[in-house]
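[1] Here is my input, please return the structure:
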Amino acid sequence: METINASIPANVSNTELGQCDMHCRIILITLYSMVLLGGTTGMLMMSRMLFKRSSQSVVATFVLSIIALHSILLVSLPFRVSYYFSVTWDLGSFTCWVVTSIIYSHMYFTFVFYVAIVILRLFTYFKKLQMQQLKKHHAVALSMIIWTVGYLVFLPVFFLQYGTDPSHSEQQRCFEFYRDLNQRELIIMNYSVIVIMMATVVILFLLQLVVIFQLVKALWPDMWTHQEYRAQIKSFFFLLVIVVCFIPHHAFRIHFIQNYSGRENSKLVHYNEICVALTTVCCLDMLCFTGGVIH
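    Here you go, the predicted model:
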């Protein structure tokens with residue numbers, strides 16, 4: 001704790017450094033370090049498991065995309081840990097933009113693949129789709145479409161809109177893209193994303209609960225011996241990950257946009273940074289699967 005505090009340059013105040021004080025930085029360092037360790041372990045274990053099984057299923061292909069997303073995010077986390085430990089950024093504004101864009105692109109791409117898995121299994125349950133009809137090349141093609149369309153939409157928006165505040169070019173500053181939220185276009189875009197994400201989660205959550213209750217009623221007490229029930233529970237787990245990791249960030253974002261007006265709202269910045277960090281906890285999903293939390 002003393003090391004972190006002592007590392008702040010004497011001529012630089014907390015306000016100039018983005019309003020994240022010592023306690024905020026300790027929380028962020030601890031959270032990112034935990035995700036880095038647990039996420040890397042889970043990713044390696046799941047990759048090994050999929051390699052051994054040589055699975056050709058559509059869901060396995062989507063899981064590989066999620067592992068790839070987690071890998072990209074985990075590579076960026078040491079930069080964040082280093083910054084919050086030393087409170088200096090000497091890698092330039094473009095590198096800061098790249099590391100910042102990774103955490104947001106990871107969140108939204110992971111959300112899309114989670115939703116794709118849940119919808120696929122719901123379609124299968126309601127007999128709207130036969131898994132045997134889907135080949136691996138179908139899943140690969142769909143994954144490539146998601147990656148391509150996603151980046152064609154995400155990168156221009158993030159590149160052209162975020163990072164336009166002059167303070168982003170200053171030395172020793174990074175991860176302060178909330179300063180751009182005074183732009184009307186970004187406010188509208190954020191509200192739109194929040195509504196779409198929350199509406200999607202609520203609808204899928206209710207549908208998934210209905211499916212699980214129907215399966216419990218039909219298969220009790222031997223439901224765990226049925227593959228269909230286990231598959232739906234795994235889908236429900238993905239929805240829980242979204243609710244725990246992604247929804248708090250977007251719910252708080254509404255409050256943040258409405259109340260943030262400048263440097264005087266430092267507590268809002270603290271909570272915003274912690275909510276952003278919470279989105280990375282979804283990297284522990286593979287550890288939960290391989291560790292036996294979700295069978």
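[2] what about Arg173, helix or strand, and which?
    Remark: Arg173 resides in no helix or strand, with elements defined by DSSP states H and E.
[3] Any idea how many residues pack against it?
    Taking other C-beta atoms under 10 Å as the criterion, the count of residues near Arg173 is 20. Backbone N, C-alpha and C define where each C-beta goes, glycine included.
[4] For the spatially most central residue of the chain, give me its contacts.
    Nearest to the geometric centre of the chain sits Met107, at 2.8 Å (C-alpha atoms, centre = their mean). Neighbouring residues of Met107 by C-beta atoms under 8 Å, 6 or more residues apart in numbering: Phe246, His249, Thr279, Cys282.
[5] any idea of the pLDDT on it?
    The model reports Met107 with a pLDDT of 93.
[6] Point me to the helix or strand that includes it.
    Applying DSSP H and E, one finds Met107 within helix 92-125.
[7] what comes up buried for that helix?
    For helix 92-125, burial by neighbour count (16 or more other C-beta atoms under 10 Å) applies to 96-97, 99-118, 120-122, 124-125.
[8] go on, stretch 26-38?
    Residues Ile27, Leu28, Ile29, Leu31, Tyr32, Val35, Leu36, Gly38 are the ones in stretch 26-38 that count as buried (16+ other C-beta under 10 Å).
[9] Need the residues that contact that stretch.
    Here stretch 26-38 has contacts from 1, 4, 20, 74, 77-78, 80-81, 84-85, 273-274, 277-278, 280-281, 283-284, 287, using C-beta under 8 Å, 6+ apart.
[10] Now, these that are in helices?
    Among the contacts of stretch 26-38, DSSP state H puts 4, 74, 77-78, 80-81, 84-85, 273-274, 277-278, 287 in helices.
[11] I'd say His70 and His106 touch.
    Yes. Between His70 and His106 a contact is recorded at 7.5 Å, counting by C-beta atoms under 8 Å.
[12] In the longest helix along the chain, which residues are buried?
    Using DSSP H to define each element, the chain has its longest helix at helix 184-219. Buried residues in helix 184-219, counting neighbours by 16+ other C-beta under 10 Å, are found at 186, 190, 194, 197-198, 200-201, 204-205, 207-208, 211-212, 215.
[13] same check, this time on stretch 222-235
    Going by neighbour count (16+ other C-beta under 10 Å), the buried part of stretch 222-235 is Met223, Tyr229, Ala231, Gln232, Ile233, Lys234, Ser235.
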